[in-house]
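K.L.:
This is the structure alone, sequence omitted:
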């Protein structure tokens, strides 16, 4: 059987987990995967495309880069960390809500 190439190295995922101070359960919730899959990712990396998670990792890395390089025009690293932790605790904040309900992303 051929060995599958790693799409996202485990070290990248471990760094994201550490930078955003996510425990294993929060890491799994953040990516919408099971705890066992999260542990596999953290040990072996992402081996194949599942949904949009590779793009999600790329987006997080880009957001981190912006927070580090231009916090005055973007947000600081601490604000980004707080935002990620808020999404983990209240995932519905990312989705469009009726007027008057808090949301991070307003669609339309």
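P.N.:
Looks like it arrived, so ask away. Keep in mind that what you see is a predicted model, and the values were worked out from it rather than measured.
K.L.:
Next, the contact list for residue 79, please.
P.N.:
residue 67 (CB atoms under 8 Å, 6 or more residues apart in numbering). Yep, even glycine has a C-beta here, placed from its N, CA and C like the rest.
K.L.:
Work out for me the element it sits within.
P.N.:
Residue 79 is part of helix 77-89, with elements assigned from DSSP states H and E.
K.L.:
Now do the buried residues in that helix.
P.N.:
Neighbour counts over helix 77-89 (16 or more other CB atoms under 10 Å) mark 77, 80, 81, 83, 84, 87, 88 as buried.
K.L.:
okay, and the helix or strand of this protein with the least pLDDT?
P.N.:
Comparing helices and strands within the chain by mean pLDDT, DSSP states H and E singles out helix 77-89 as the least confident, with a mean of 88.
K.L.:
show me where pLDDT drops low in the protein?
P.N.:
The chain contains residues with pLDDT under 70 at 1-4, 49-50, 92-108.
K.L.:
Was I right to think residue 32 contacts residue 52?
P.N.:
No - no contact is recorded between residue 32 and residue 52 when judged using CB atoms under 8 Å, the distance being 9.5 Å.
K.L.:
Now do the helix ranked longest in the chain: everything it contacts.
P.N.:
In the chain, ranked by residue count with DSSP state H as the criterion, the top helix is helix 53-69. With contact meaning CB under 8 Å, 6+ apart, helix 53-69 is reached by 7-8, 12-13, 16, 19, 31-33, 46, 74-77, 79-80, 84.
K.L.:
OK, contacts around residue 46?
P.N.:
6, 7, 8, 13, 53, 54, 57.
K.L.:
how close does residue 45 sit to residue 59?
P.N.:
17 Å (CB to CB, to the nearest Å).
K.L.:
What of residue 66?
P.N.:
Residue 66 is 11 Å from residue 59, by CB to CB.
K.L.:
same check, this time on residue 13
P.N.:
Distance from residue 13 to residue 59, by CB to CB: 14 Å.
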